[in-house]
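**Student:** Just a sequence and a predicted model for now, questions to come.
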2 protein chains.
Amino acid sequence: MLRLLNGQRVLDVLFAAAPEPISRAEIVRRTGLSKPTVSALVADLAYIDVARPTRVLHSPSGPGRPAEPYELVAESGFVIGVDIGATKIIVGVADLLGNIVAEELVDTGAHAQAAAGTIVAVSDRLLKGIKGAAANLGAICVGVPGVYRAKRDSVEMALNLPGFAQLSLRAELESRFGVPVAVDNDVNLAAVAESRARSGDTASSDFTVISVGTGIGMGLVMDGDLYRGANGAAGELGSVPITRLGPSPTGPGGAAGAATTLEDYASGPAIHKLLQQAIEEGCVSGLDGDVDVPTIFAAAQSGDAAARSALHRAADAMAFAIAHIHWLNDPAAIVFGGGVGANSIFVTAVRQHLARYLDDPPSLMVSTLNRRATFLGAIAVAVDELRGSLVADRLGRAQPPPHRQGPPA
Amino acid sequence: MLRLLNGQRVLDVLFAAAPEPISRAEIVRRTGLSKPTVSALVADLAYIDVARPTRVLHSPSGPGRPAEPYELVAESGFVIGVDIGATKIIVGVADLLGNIVAEELVDTGAHAQAAAGTIVAVSDRLLKGIKGAAANLGAICVGVPGVYRAKRDSVEMALNLPGFAQLSLRAELESRFGVPVAVDNDVNLAAVAESRARSGDTASSDFTVISVGTGIGMGLVMDGDLYRGANGAAGELGSVPITRLGPSPTGPGGAAGAATTLEDYASGPAIHKLLQQAIEEGCVSGLDGDVDVPTIFAAAQSGDAAARSALHRAADAMAFAIAHIHWLNDPAAIVFGGGVGANSIFVTAVRQHLARYLDDPPSLMVSTLNRRATFLGAIAVAVDELRGSLVADRLGRAQPPPHRQGPPA
DNA sequence: TATAGTAAGTTACGATGATAAACTAATGAG
DNA sequence: CTCATTAGTTTATCATCGTAACTTACTATA
């Protein structure tokens, strides 16, 4: 009842101050609760080993009795974060404060079911290596390369990993580990990580992450929360149409066939094709068909005509799509990630093209988290889940009320 | 403290049941609170005249003591809703249950400051005509034809009404009436109204309203809340680019000039131009240049070639833009409103074109609220505000605790 | 027409948990 | 060495909730 609610408030203040310790007097000021109430709640949290007094002599510097600082016990709770990629899986364990205490990179394998088995095995091994982690595991979060439908507990459109649609990842992990499991799109989680990386704990409220690699994905953070859409399929930026079909159904004209999409212009494979096409059209080039995308971009910067053509065709299509994002969703910033997207040559080109579409474009940035963005986002989401359930789970159960302090006279 | 929180829970249940009365036993079932608690809280609500017992004999039909139904007192709270349009202003008063008890349509005038004066004058007059309304006014909501920047309390991009940028509408009305004032974009409020009209009180959680008239606007409802963007400018659908510029900045080719936008194809004036253009291109037509848009659409349906061309060019551009909305935001439904948009011939054409872009398109619907959508949305938002503040305002103040019931023996 | 059954609502009481106010504790400044 | 100042505790009190038993008012059935 009321106790849990106020306990959560105290815990939230402790989290907000972490990793700095904080005195009970300060908690009183920040929560508005009374001194005895805070003392009792902190004693409860200490009793269940979530908080503890600490002796840090950090500049008392004023008159009056010095405060007794309390801090969160990092080892009182652990979470697992997972990033399932097309070729590699990252599995890691973090403590209550989000410190990563173990991490491992393994091959994905050929089938989703095998990947799930790998996750369980690696998690078990990592948990065993950390004292108290297995007993105090509190949450799991997994990033997947596709659209996760929470209602069906299945991952769809994960084109490069068969078997995902038949796999109930969440149910499987929950029954195996006995803790809440969250599953989400990889780019969405990367967006969470970017948000945290930028403004500490407070998520900056409106921005977009665009991940460009083999495919193109997008994560929308709106009003500080991740947005998923009515069917969980928001942010499928790669499928956005670039060419119009024209007025066909009954009116005159109109192109035949399907409209081209952004993935036909700005994904890794598409940029290869555009390079080939430019060469076939007679552009001078020092490149053959088998180079990687960063090399193409570098060549474009040093003046290679074919590479330049490919870069700018891709950047224009991307700028066109971003103009739509701007007018529809109005993000304050766009962060680029992924093997192709996290490239400043590409982002600079997109910025040039975008200036032709918009007078007041959002700021474009390159991700600094590299390949670990999704993994870090998974850890962050899992820690949030843990923080929310900690008080209810442990204070709720710990039946013998610990305080009623004061030894009998 | 706790009392207010539980009081709000009881009030919410009363609202959810409205306009049907509800017994305290039923409130116990729906809130999970205990019988004495609910009795006391309902007595409190009755004491401050928000609820009252009613004698409706509605099918007792079972054994046991019959329930004593309670209902909300509609006249215990009033709100003002306003829709500021380019030419007309709607001002209305509604009671606690959202029943509109007074409404007036007046000319906007030439300047925003004059419009604000009109709103105050009309509101005062309407309030005077309703018993108790002036004393129990609880909230105001105003819809404006532009982008409202809450931080600056100013309306921008309201092209057809000068003086808005200098007018602090919210501050002015709040100081004049002494109640909270909400200001929002007109299409956003129309989206709220559509949401309520569809699923009773529960807002259906993800959909989009597109208003097509002289301009094109859009309201995004996501996860049940209106979304406004980082700068309050989300949903500027009319400005979305339709033609690409091509790869110019350094690469080869690229169109000169600015990209065309959706407003160049699908707004009322644009459809006129498209008709003219089709006639000049030699299309047979029985129309001259001075017809209104619904007439053009009707002619297109009966086979007029030029009208058909205009309709399908507009519909294709709209379908292209909707394809972007689909992949970026994934709404479950799109509702069309406005003088041009609320036309089933137009919506049907858009639906045909959209099928060429999307395999699984969102459902397209025509608004049923016509010109009152924004006004009704304003009323709904104001009633929500009132509902949230009612308990805190009145139970919080009413110092003499009314119950401690039972006369001394 | 009695009487049992059932559900709504009230009374009485005890448990929980929060607060205010006064008190104790620990420090720095004069 | 005392005082001002701030941290934390003790004590008393108050508010509010829930449980359990009771009363009330009606239906159904004998």
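**Tutor:** Received, thanks. Numbering: from 1, shown residues only, chains lettered A, B, ... in the order given.
**Student:** near chain B, which residues of the stretch 101-250 of chain A show up?
**Tutor:** A:205-207, A:218, A:220, A:222-223, A:225, A:227-237, A:239-250 (Cβ under 8 Å from any Cβ of the partner chain). Placement of C-beta: from N, CA and C, glycine included.
**Student:** Sort out which of those residues are in strands and list them.
**Tutor:** A:Phe207, A:Met218, A:Leu220, A:Met222, A:Asp225, A:Tyr227 (DSSP state E).
**Student:** partner residues bridging the last one?
**Tutor:** So that's A:Tyr227. Applying DSSP bridges to A:Tyr227 gives these bridge partners: A:Leu220.
**Student:** That one - how many residues pack around it?
**Tutor:** 23 (other Cβ atoms under 10 Å in any protein chain shown).
**Student:** if I read this right, it contacts A:Met218, doesn't it?
**Tutor:** No. The criterion here is Cβ atoms under 8 Å, and A:Tyr227 misses it with A:Met218 at 10.4 Å.
**Student:** list residues touching both of those two?
**Tutor:** A:Gly235 (Cβ atoms under 8 Å, 6 or more residues apart in numbering or on different chains).
**Student:** all helices for chain A, in order.
**Tutor:** Under the criterion DSSP state H, helices of chain A are mapped to A:2-17, A:24-31, A:35-47, A:112-128, A:169-177, A:186-199, A:263-266, A:268-280, A:293-301, A:305-329, A:338-341, A:344-357, A:373-390, A:396-397.
**Student:** which of the residues in the second one are buried?
**Tutor:** Okay, so that is helix A:24-31. Going by neighbour count (16 or more other Cβ atoms under 10 Å in any protein chain shown), the buried part of helix A:24-31 is A:Arg24, A:Glu26, A:Ile27, A:Val28, A:Arg30, A:Thr31.
**Student:** And the fifth one, by the same measure?
**Tutor:** Within helix A:169-177, the residues scored as buried using 16+ other Cβ under 10 Å are A:Leu169, A:Arg170, A:Glu172, A:Leu173, A:Phe177.
**Student:** you'd agree the last one is up against A:Leu137?
**Tutor:** So the one you mean is A:Phe177. Yes. A:Phe177 is within contact range of A:Leu137, at 6.3 Å (criterion: Cβ under 8 Å).
**Student:** intersection of neighbour lists for those two?
**Tutor:** By Cβ under 8 Å, 6+ apart, the residues touching both A:Phe177 and A:Leu137 are A:Ile80.
**Student:** So what pairs up with the residue nearest to A:Arg372 when sequence neighbours are not counted in the strands?
**Tutor:** Computed as Cβ to Cβ, 6 or more residues apart in numbering or on different chains, the closest residue to A:Arg372 that is not its neighbour in sequence is A:Ile90, at 7.0 Å. A:Ile90 forms beta bridges with A:Asp83, A:Leu105, as assigned by DSSP bridges.
**Student:** Could you give the number of residues near A:Ile90?
**Tutor:** Count around A:Ile90 with other Cβ under 10 Å applied: 21.
**Student:** pLDDT-wise, which helix or strand of chain A ranks last?
**Tutor:** Using mean pLDDT, DSSP states H and E, helix A:396-397 stands out as the lowest-scoring helix or strand of chain A, at a mean of 70.
**Student:** residue contacts, A:Ala299?
**Tutor:** A:Ser285, A:Gly286, A:Leu287, A:Val291, A:Ala307.
**Student:** out of the residues you listed, who has the most neighbours?
**Tutor:** In terms of neighbour count, A:Ala307 stands highest of the contacts of A:Ala299 at 28 neighbours, by other Cβ under 10 Å.
**Student:** looking at it, it is touching A:Pro294, isn't it?
**Tutor:** No. Using Cβ under 8 Å, A:Ala307 makes no contact with A:Pro294, being 11.1 Å away.
**Student:** pLDDT below threshold where in the stretch 201-350 of chain A?
**Tutor:** For the stretch 201-350 of chain A, applying pLDDT under 70 flags the ranges A:201-205, A:223-225, A:248-257, A:289.
**Student:** so what's the residue nearest to A:Pro269 when sequence neighbours are not counted up against?
**Tutor:** With sequence-adjacent residues excluded and distances taken as Cβ to Cβ, 6+ apart, A:Pro269 is closest to A:Thr214, at 6.7 Å. Going by Cβ under 8 Å, 6+ apart, A:Thr214 touches A:Ala86, A:Asn160, A:Ser267, A:Gly268, A:Pro269, A:Gly339.
**Student:** Verify the contact between the first one and A:Pro145 for me.
**Tutor:** Yes. Here A:Ala86 lies in contact with A:Pro145, judged by Cβ under 8 Å, at a distance of 5.9 Å.
**Student:** Out of the contacts of A:Ala299, which comes closest to DNA strand C?
**Tutor:** The shortest gap between DNA strand C and any of these belongs to A:Val291, at 64.8 Å (Cβ to the nearest atom of the strand).
**Student:** got a list of what that closest one touches?
**Tutor:** A:Ala299.
**Student:** Distance check, A:Gly129 against chain B.
**Tutor:** As defined by Cβ to the nearest Cβ, to the nearest Å, A:Gly129 lies at a distance of 40 Å from chain B.
**Student:** Check A:Thr348 too.
**Tutor:** Here A:Thr348 is placed at a distance of 10 Å from chain B (Cβ to the nearest Cβ).
**Student:** which two in the ones in strands among the residues of the stretch 101-250 of chain A next to chain B are spaced the farthest apart?
**Tutor:** A:Met218 and A:Asp225 (15.4 Å; Cβ to Cβ).
**Student:** Who has more neighbours out of these two?
**Tutor:** A:Met218 (25 against 15).
**Student:** The more buried one touches A:Val209, doesn't it?
**Tutor:** Yes. Counting by Cβ under 8 Å, A:Val209 is a contact partner of A:Met218 at 6.7 Å.
**Student:** In the stretch 251-400 of chain A, what residue comes closest to DNA strand D?
**Tutor:** A:Gly396 (15.2 Å).
**Student:** residues near A:Leu245, how many?
**Tutor:** 21.
**Student:** same thing with A:Ser34?
**Tutor:** A:Ser34, neighbours per other Cβ under 10 Å, totals 10.
**Student:** leaving aside the residues next to it on the chain, what's closest to it?
**Tutor:** A:Val28 (7.1 Å).
**Student:** For that neighbour, give me its contacts.
**Tutor:** A:Ser34, A:Lys35, A:Val38.
**Student:** closest to DNA strand C among those?
**Tutor:** Closest to DNA strand C, out of all of the contacts of A:Val28 and judged by Cβ to the nearest atom of the strand, is A:Ser34, at 3.2 Å.
**Student:** any low-confidence regions in the stretch 51-200 of chain A?
**Tutor:** A:56-61, A:158-159, A:199-200.
**Student:** What distance do you get for the residue nearest to A:Arg313 when sequence neighbours are not counted to B:Ala298?
**Tutor:** Sequence neighbours aside, B:Pro247 is the residue nearest to A:Arg313 in space, at 4.7 Å (criterion: Cβ to Cβ, 6+ apart). Separation of B:Pro247 from B:Ala298 (Cβ to Cβ, to the nearest Å): 42 Å.
**Student:** ok so, going back, hey, what's in contact with both of A:Ala86 and A:Pro145?
**Tutor:** Joint contacts of A:Ala86 and A:Pro145 (Cβ under 8 Å, 6+ apart) are A:Asn160, A:Leu161.
**Student:** Which of those two has more residues huddled nearby?
**Tutor:** More neighbours surround A:Pro145 than the other of A:Ala86 and A:Pro145, with 24 against 15 (other Cβ under 10 Å).
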